[in-house]
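Asks: any chance you could fold what I've pasted below:
(one chain, ligands or ions: 1)
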Amino acid sequence: MKLILFGPPGAGKGTQADKIKSHYNIAHLATGNIFRRNIKNKTNLGQKVKSILDAGKLVPDETVVDLVIDELQHQKYESGYILDGFPRTIPQAEALDDYLSSKDTSIDLFVNLEVPEQELINRILSRADGRSDDTPEKIKTRLDVYHKQTAPVLNHYKKQGKVKEISGVGSIDEIFERIKEVLDQVK
Ligand code: ADP
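Replies: Numbers count the residues shown, from 1 in each chain. Modelled structure (predicted):
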């Protein structure tokens, strides 16, 4: 199963991806996590993207696409994966689709986690992992970037008939139950 887990910052993609990963035993590729790990380890990539993440802006498409396609070559992605935080722009979605079709495959499902804006802000401000982009001002930038550059990706996959809308409001387990209902139909 190849799944895109989509939604605005604070929608709970990472939390639900962890649960999907253990329940269905598929790999989880989170671009934000890869960038943060590279920043922490002071790699070349980390040095290149640090100021961008700190500002709440998007890393250039080419950098992200190269990184994801490279990562997908690892054996652990062979039997399926969850993409979390990617694709985040139309060019990224097109590059992903092209790459998959060159392998005679495609995304199975696109899950959109819907959460009202005020709830997103409250959640991000109350999470305790101390991310440098979790300040009120940076959250505003990230939500603006989401509306302008990322939200159109939803329509791109709607046109392909891949989208399932899921309410991201409720307890972690309630939301996971909703996701399972949808994924169990695809498996
Ligand atoms: P969130 O969904 O809470 O914003 P992520 O961990 O997915 O958090 O992303 C954190 C940051 O990493 C983004 O604000 C952006 O700077 C960068 N990033 C992650 N994925 C992408 C992507 N696909 N394209 C461009 N930038 C990205």
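Asks: quick one: contacts for Val64?
Replies: Contacts for Val64 (CB atoms under 8 Å, 6 or more residues apart in numbering) come out as 31, 58, 86, 88, 92. All C-beta atoms are positioned from the backbone trio N, CA, C, and that covers glycine.
Asks: if I look at the third one, how far off is Ser132?
Replies: As judged by CB to CB, to the nearest Å, Phe86 and Ser132 stand 20 Å apart.
Asks: so for the two, which sits in the more crowded spot?
Replies: The neighbour count for Phe86 versus Ser132, taken as other CB atoms under 10 Å, is higher for Phe86 (24 against 13).
Asks: and the protein, which residues reach the ligand?
Replies: Applying CB under 6 Å from any ligand atom, we find that the chain lies next to the ligand at 9-10, 31-32, 35, 52-53, 56-59, 64, 85-86, 88, 92, 133, 142.
Asks: and the average pLDDT for stretch 11-19 is what?
Replies: Mean pLDDT, stretch 11-19: 96.
Asks: next one: stretch 109-117
Replies: The pLDDT scores in stretch 109-117 average 97.
Asks: okay, buried residues for it please.
Replies: Buried residues in stretch 109-117, counting neighbours by 16 or more other CB atoms under 10 Å, are found at 109-113, 115.
Asks: give me the contacts around it.
Replies: Counting contacts by CB under 8 Å, 6+ apart, the residues outside stretch 109-117 that touch it are 1-8, 10-13, 16, 123, 143, 154, 157, 160, 162-169, 175, 179, 182-183, 186.
Asks: of these, buried ones?
Replies: Buried members of the contacts of stretch 109-117, scored by 16+ other CB under 10 Å, are 2-8, 10-13, 16, 123, 143, 154, 157, 162-164, 166, 168, 175, 179, 183.
Asks: just those: which are in helices?
Replies: Among those, the residues falling in helices (DSSP state H) are 13, 16, 123, 143, 154, 157, 175, 179, 183.
Asks: among these, show me the least confident.
Replies: Minimum confidence in those sits at Arg123, scoring 91.
Asks: next, count neighbours for His147.
Replies: So His147, with other CB under 10 Å, has 12 neighbours.
Asks: quick one: it is in a strand?
Replies: No. Counting by DSSP: H, G, I helix; E, B strand; the rest coil, one finds His147 to be helix, located in no strand.
Asks: show me what residue of the chain gets nearest to the ligand.
Replies: Gly32 (1.8 Å; CB to the nearest ligand atom).
Asks: wouldn't that residue be in contact with Gly85 here?
Replies: Yes. Counting by CB atoms under 8 Å, Gly32 touches Gly85, with 4.6 Å between them.
Asks: just to revisit the earlier point, the ones in helices among the buried ones among the contacts of stretch 109-117: which two are farthest apart?
Replies: Greatest spatial distance in those: Leu143 and Leu183, 27.3 Å, computed using CB to CB.
Asks: what's the closest non-adjacent residue to Ile34?
Replies: Leu67 (6.6 Å; CB to CB, 6 or more residues apart in numbering).
Asks: mind listing what's buried in the one helix or strand that neighbour maps to?
Replies: Assigned by DSSP states H and E, Leu67 falls within helix 61-71. Buried residues in helix 61-71, counting neighbours by 16+ other CB under 10 Å, are found at 61, 63-65, 67-68, 71.
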